[in-house]
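>>> Mind looking at a prediction? Sequence and model below.
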Amino acid sequence: MPIEPPASQWRLPAIDALPPELEAEDLVGLGGDLEPGTLLSAYRSGLFPMHVTFDGDDPEEVIGWWSPDPRGVLPLRGLKVSRSLRQSCRKLDTTVDQAFLDVVDGCADRGRSGRWINADIRAAYERLHELGWAHSVETWQGDRLVGGLYGVCIGGLFAGESMFHRVPDASKVALVRLVDVLAADGRPRLLDVQWVTDHLASLGAQAVPRATYLQLLAAALTEPTPKPFRHDGDQVRPRL
């Protein structure tokens, strides 16, 4: 079971009571740290971190705390699996928590556009993984890691952070496995994807108002952690 770290020393923004000038903003706070207690407090209140760079003679990176409005979620019963994706699921294998840092490094590849995972983020989520809160789903072609995703699981919330692929559909196959893990026992869990991109929309992601997200979050946090995230990873293909 996950180990609860010391509480954060910071008071994070309360996104259900933002000042008027921030109500329409996605970025609602700056500063703090990436200690495990701070990160867990953030996710439990509907926030996630991503650095913000301030330009100037001496550019500075500061931790930003984000609460998109609308928020991207992927309903577990709404995942769209195309015929070609089903075929990819049969060809590729998946595992859970077998190569966490390799997945993070795949997501942080310097060759990817929009890269935002830096050394501080990598170290922070490695600590969360060691404590049992951050998890990965890996996609394999034989013994080669070809895709995957990682995120944070708290009760019935899975907050997706990033995904990558090295062969077509490899990240999507990991997502199919993740949904299988979250939905296996029929509990009403929440898959948070932050923002709805065209790619995620094609898979069934939806944008919901911030207030709706907070309601879904509150309910999800009362749900049990999915069994595969409470035990050692295994290697099976997703059920379709």
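That came through, no problem.
>>> Helix or strand for the residue nearest the centre of the chain, just tell me which one.
What sits nearest the mean C-alpha location of the chain, by C-alpha atoms, centre = their mean, is Gly160, with 1.4 Å. Using DSSP states H and E, Gly160 maps to strand 157-165.
>>> What strands line up against that strand, and which way round?
strand 144-154 (antiparallel), strand 190-194 (parallel) (DSSP bridges).
>>> which residues touch Ala184?
For Ala184, the contact set (C-beta atoms under 8 Å, 6 or more residues apart in numbering) comprises 226-227. (C-beta placed from N, C-alpha, C; glycine too.)
>>> Mind doing that once more with 10 Å?
76, 226-228, 239 (C-beta atoms under 10 Å, 6 or more residues apart in numbering).
>>> Let me see the backbone angles for it.
The phi and psi values for Ala184, taken as degrees, to the nearest 10, are phi -60, psi -40.
>>> Can you read off the pLDDT for it?
You'll see Ala184 listed with a pLDDT of 94.
>>> for this structure, which spans come out with low pLDDT?
Applying pLDDT under 70 to the chain flags the ranges 56-58, 112-114, 231-240.
>>> All the strands of it, residue numbers only.
Assigned by DSSP state E, the chain shows strands spanning 27-30, 48-54, 60-66, 71-73, 93-96, 134-141, 144-154, 157-165, 190-194, 206-208, 235-236.
>>> could you redo those as TSV and give each row distance to Val176?
Output for the strands of the chain, formatted as TSV (distance: least, C-beta to C-beta, whole Å):
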stretch	distance to Val176
strand 27-30	31
strand 48-54	23
strand 60-66	26
strand 71-73	17
strand 93-96	8
strand 134-141	9
strand 144-154	11
strand 157-165	12
strand 190-194	12
strand 206-208	17
strand 235-236	12
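>>> returning to that earlier point: out of the contacts of Ala184, the closest to His51 would be?
Distances from His51 to the contacts of Ala184, taken as C-beta to C-beta, are shortest for Pro226 (29.4 Å).
>>> so what's the nearest residue to that closest one once chain neighbours are set aside up against?
Leaving out its chain neighbours, the residue that sits closest to Pro226 by C-beta to C-beta, 6 or more residues apart in numbering is Val181, at 5.1 Å. Going by C-beta under 10 Å, 6+ apart, Val181 touches 94, 96, 135, 137, 153, 158, 189, 226-229, 238.
>>> May I have the residues that are in contact with the residue nearest to the centre of the chain?
48, 72-74, 137, 149-152, 175, 178, 191-194, 200, 205.
>>> what's across from it in the sheet?
In beta-bridge terms (that is, DSSP bridges), Gly160 pairs with Gly151.
>>> Was I right to think Val179 contacts Leu203?
Yes - counting by C-beta atoms under 10 Å, Leu203 is a contact partner of Val179 at 9.3 Å.
>>> any residues in contact with both of those two?
Common neighbours of Val179 and Leu203, using C-beta under 10 Å, 6+ apart, are 74, 78-79, 81.
>>> biggest separation within these, which pair?
Using C-beta to C-beta, the shared contacts of Val179 and Leu203 span at most 12.2 Å, a distance reached by Leu74 and Val81.
>>> So which of the two has more stuff around it?
Leu74 (24 against 18; other C-beta atoms under 10 Å).
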